[in-house]
Structure formats: structure tokens, C-alpha cells
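Visitor: Turn this into a model:
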Amino acid sequence: MSTRIAFLKGHGTENDFVIVPDPENVIDLPPAAVAALCDRRAGIGGDGLLHVVRSAEHPEARDMAGDAEWFMDYRNGDGSIAEMCGNGVRVFARYLQHAGYVTEGDLAVATRGGVKTVHIAKDGDVTVGMGKARLPEGDVTVSVGERSWPARNVNMGNPHAVAFVDDLAHAGDLYSPPPFSPASAYPDGVNVEFVVDRGPRHVALRVHERGAGETRSCGTGACAVAVAAARRDGADPAATGAPATYTVDVPGGTLVITERPDGEIEMTGPAVIVAEGEIDAQWLETLAL
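Guide: Model prediction:
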């Protein structure tokens with residue numbers, strides 16, 4: 001292994017990521033190394049890590065290589081593996097453009113949540129086809145301190161519990177995962193969104209992301225919130241034939257979410273590369289021991 005490993009830092013609505021380009025999938029990134037890289041004091045710092053690999057070179061993505069050249073091997077900030085990250089896909093696409101692998105227009109990105117369609121616009125915004133939401137049946141409750149709320153169970157390739165509250169401060173500090181019940185609803189943990197209304201088809205959220213704590217933004221969470229808000233408001237594009245678009249304010253900016261009549265959900269927002277550098281390979285290797 002070389003003594004230096006390239007990395008970049010990027011964010012989408014302030015959901016920030018360490019980016020490790022590794023087209024041939026030769027860099028070992030065990031959970032401890034990922035967690036150290038994402039550490040904001042002893043590492044580079046990020047809500048998660050985007051491991052950039054050609055789909056044909058990764059055992060989890062080879063069957064998608066015919067549809068998408070690149071695989072987003074996404075890791076949470078604690079080193080755990082996640083199915084998908086909506087803001088991460090936008091930043092992943094921006095990296096591919098930055099590196100000269102793609103240009104403006106359409107591309108496909110393989111993820112553990114399936115192949116995602118992406119459009120890089122001339123104005124800089126990136127739109128991601130996030131797939132269809134699943135709405136598992138069953139009542140769910142989330143709690144913070146003495147308060148509890150009913151939550152909508154929405155799956156965007158990863159699990160979400162969406163609770164509508166009167167004040168975002170009611171979410172507390174969100175350092176630790178908000179308790180939920182029943183436990184069987186989310187056997188592998190859950191992302192929890194607390195939501196308030198800002199106006200017609202305009203909401204704001206705070207989120208605890210599984211494996212990362214409170215983050216400045218969550219793309220799949222914004223999609224889950226838009227779907228939950230639409231159903232709460234009596235809007236179902238599959239039934240009406242009309243798309244439903246919601247503006248979703250996150251602490252780090254604004255995302256626009258559209259659910260189409262065919263059920264497909266599109267998320268549009270910014271994606272920025274802010275820095276490039278090198279990781280000391282010897283330091284990284286010590287973390288893998």
C-alpha cells in the first residue's frame with residue numbers, strides 16, 4: 001500500500017462526508033478505521049464515509065455493474081454499514097463530476113439500496129431518484145423524556161420513524177437514539193425525524209440518524225418526511241395522478257422532494273466538494289490491527 005491515500009471532504013446541506021476514492025477496491029476500511037476517519041477531533045470528521053468503488057470490483061455490487069459503473073459503499077460515522085444515504089448520493093455524484101468521471105446530465109449509482117438515478121444540473125443542484133417509499137403497517141411511538149408521539153413508519157431503503165411535533169425543541173439534544181416502540185418495528189435501529197409545519201407543503205425537521213446521532217441533514221429522512229406529510233395531508237399521488245412536492249427545511253439547508261404518481265421519489269439539493277488531501281496510510285493501518 002502507498003504511504004498516502006487520497007481523500008476529499010464534501011457535504012450536501014451540511015450532511016458531511018469523508019470521500020475515499022478507491023476504484024479498484026484495494027483499500028481496507030474496517031469499522032474502526034472508518035470511525036477514526038469520521039472523528040471530528042482525532043480524524044478528518046464527517047457524518048459518514050463515501051467509499052468510491054467501481055461496481056465490478058465490489059462483491060456487493062457486481063450484479064449491478066451492468067446498470068451502474070460506480071458503487072457507493074456507504075458507511076455511517078461509527079463505522080457501521082448503511083443501505084443508503086440520500087445526501088451521500090448527491091455528494092458521491094458531485095465527486096465523480098469533480099474527478100472527471102462524469103459530466104452534467106444523467107448517471108446511475110449503485111448502492112446497497114439498489115441502483116439510483118442521478119441528474120447533475122447546470123445550476124449545480126443534483127437530483128436523485130430515491131425509489132419508492134414503503135409504508136409498513138403497525139403503530140409506532142417515539143419518545144423524548146416524558147413526551148411521546150405517534151410516528152409514521154416509512155422505509156426508503158433504510159428505516160425511518162416520522163413524528164409530527166409542535167416544536168422542534170421537543171426533540172431534545174438527539175445525542176442518543178430516541179426510544180421507540182414496539183422494538184420489533186425496527187430490529188436494526190431507526191432514523192427518527194421530528195417535524196413541524198412551516199406553511200403549505202413546507203415542513204422543517206430535525207433528525208437522529210442511526211449510527212451518527214443528530215445530523216445537519218438526512219436525504220432519505222427528508223423523503224420519508226415528505227411522504228408522511230403528504231399522507232397526513234390527504235395527498236397520495238398514486239391515487240390522484242398528480243405529483244406531490246414538499247419543501248423540506250433541514251438544519252443545513254433546504255431540499256425539494258417530489259413524489260410522482262408512479263411512486264418514484266425525487267430529491268433535489270446542493271452538493272459541494274470543499275477540500276482534498278491525503279491520509280497517512282501507516283496511521284490507517286494501525287487502526288485496522
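Visitor: use CA for all of it now, contacts and neighbours both
Guide: Noted.
Visitor: separation between the most centrally placed residue in the chain and Ala230?
Guide: Nearest to the mean C-alpha position of the chain, counting by C-alpha atoms, centre = their mean, stands Cys85 at 2.3 Å. According to C-alpha to C-alpha, to the nearest Å, Cys85 and Ala230 sit 22 Å apart.
Visitor: And for Ile81?
Guide: Distance of Ile81 to Ala230, given as C-alpha to C-alpha: 30 Å.
Visitor: hang on, the residue nearest to the centre of the chain packs against Tyr74?
Guide: Yes: between Cys85 and Tyr74 there is a contact under C-alpha atoms under 8 Å: 7.4 Å.
Visitor: quick revisit: now the residue nearest to the centre of the chain: phi and psi?
Guide: phi -150, psi 110 (degrees, to the nearest 10).
Visitor: Please parse the chain into its domains.
Guide: When the chain is parsed with automatic domain parsing, its domains come out as 4-125+271-288, 140-269.
Visitor: CSV for these, including mean pLDDT and distance to Arg134?
Guide: Converted to CSV, those look like this (pLDDT from 0 to 100; distance: least, C-alpha to C-alpha, whole Å):
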stretch, mean pLDDT, distance to Arg134
domain 4-125+271-288, 94, 13
domain 140-269, 96, 5
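Visitor: Can you list the residue ranges for strands in the stretch 51-200 of the chain?
Guide: If DSSP state E, counting those that start in this stretch is used as the criterion, the strands of the stretch 51-200 of the chain fall at 70-76, 105-111, 114-120, 126-132, 140-144, 147-155, 159-164, 180-181, 191-199.
Visitor: Contacts for the fourth one next, please.
Guide: Contacting residues not belonging to strand 126-132 are listed as 86, 89-90, 93-94, 116-121, 156, 220, 263-271 [C-alpha atoms under 8 Å, 6 or more residues apart in numbering].
Visitor: Are any of the residues you listed buried, and if so which?
Guide: 86, 89-90, 93-94, 116-120, 156, 220, 263-271 (16 or more other C-alpha atoms under 10 Å).
Visitor: Give me the buried positions along stretch 183-201.
Guide: Neighbour-count burial for stretch 183-201 flags Ala185, Tyr186, Gly189, Val190, Asn191, Val192, Glu193, Phe194, Val195, Val196, Asp197 (criterion: 16+ other C-alpha under 10 Å).
Visitor: go on, stretch 269-283?
Guide: Buried residues in stretch 269-283 (16+ other C-alpha under 10 Å): Gly269, Pro270, Ala271, Val272, Ile273, Ile279, Ala281.
Visitor: now do stretch 143-154
Guide: Using 16+ other C-alpha under 10 Å as the test for burial, stretch 143-154 gives Ser143, Val144, Ser148, Trp149, Pro150, Ala151, Arg152, Asn153, Val154.
Visitor: which residues sit against that stretch?
Guide: Contacts for stretch 143-154 (C-alpha under 8 Å, 6+ apart): 133-142, 159-165, 170-172, 178-180, 224, 227-228.
Visitor: now swap in stretch 234-251 and tell me
Guide: For stretch 234-251, contacts defined as C-alpha under 8 Å, 6+ apart pick out 13, 201-206, 216-218, 222, 226, 230, 254-263.
Visitor: Appreciated, that's everything.
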